[in-house]
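**Student:** How does the following fold in three dimensions:
(one chain, ligands or ions: 1)
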Amino acid sequence: MESVNVCRCCLAEGFHRDLNSSYTWLDKKEIYSDMLLECFNIVLSADKKSNSICNLCIKSLRSSLCFKQQVLKTEFHFIKWIRREKKTRWRNFGIEGGT
Ligand SMILES: [Zn+2]
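**Tutor:** Model prediction:
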């Protein structure tokens, strides 16, 4: 549901989306207050007058969350790669050491 309000992230006035409602974007459910919490650990104060977020801030939030998830995913794969490298090094050391 969109209503004339101020964005809680930048104070822009306009027809904005509700922070706590669920919306669908690219077949994925998104709740902007949950995304703020997940990405930045921010919990906005509850206010009945304005609980909205503008389209520009939604784009920034999506981009930030996407980047955070990318970094976490990369870290996971990096750690797996490092462990595999260590195992390979030890295995090669064992073969070379046994001859
Ligand atoms: Zn905004």
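**Student:** Name the residues of the chain found near the ion, please.
**Tutor:** Applying CB under 5 Å from the ion, we find that the chain lies next to the ion at 7, 9-10, 12, 54, 57. Backbone N, C-alpha and C define where each C-beta goes, glycine included.
**Student:** quick one: which of those residues sit in strands?
**Tutor:** Judged by DSSP state E, strands contain none of the residues of the chain next to the ion.
**Student:** In helices only, show me those residues.
**Tutor:** Within the residues of the chain next to the ion, residues falling in helices by DSSP state H are Cys57.
**Student:** Go through the residues of the chain next to the ion and name the one nearest Trp81.
**Tutor:** Nearest to Trp81 among the residues of the chain next to the ion, counting by CB to CB, is Cys57 at 35.5 Å.
**Student:** Identify the residues contacting that closest one.
**Tutor:** Going by CB atoms under 8 Å, 6 or more residues apart in numbering, Cys57 touches 7, 9-10, 12.
**Student:** pull the helix or strand with minimum mean pLDDT from this structure.
**Tutor:** Here the helix or strand of the chain ranked lowest by mean pLDDT, DSSP states H and E is strand 2-6, holding a mean of 74.
**Student:** what packs against the helix or strand just after that strand?
**Tutor:** Downstream of strand 2-6, the first helix or strand assigned by DSSP states H and E is strand 13-18. For strand 13-18, the elements it packs on are strand 2-6, strand 52-53, helix 55-98, judged by 3 or more CB pairs under 8 Å, 6 or more residues apart in numbering; DSSP states H and E.
**Student:** Strand 13-18 pairs with which strands, parallel or anti?
**Tutor:** In the sheet, strand 13-18 lines up against strand 2-6 (antiparallel), strand 52-53 (antiparallel) (DSSP bridges).
**Student:** Ranking these by mean neighbour count, which comes first?
**Tutor:** Sort the strands paired with strand 13-18 by mean neighbour count, taking mean count of other CB atoms under 10 Å, and strand 52-53 sits at the top with a mean of 27.
**Student:** Identify the residues contacting the nearest residue to Val6 once chain neighbours are set aside.
**Tutor:** Nearest non-adjacent residue to Val6, counting by CB to CB, 6 or more residues apart in numbering: Ser50, 5.0 Å away. Neighbour list for Ser50: 5-6, 8 [criterion: CB under 8 Å, 6+ apart].
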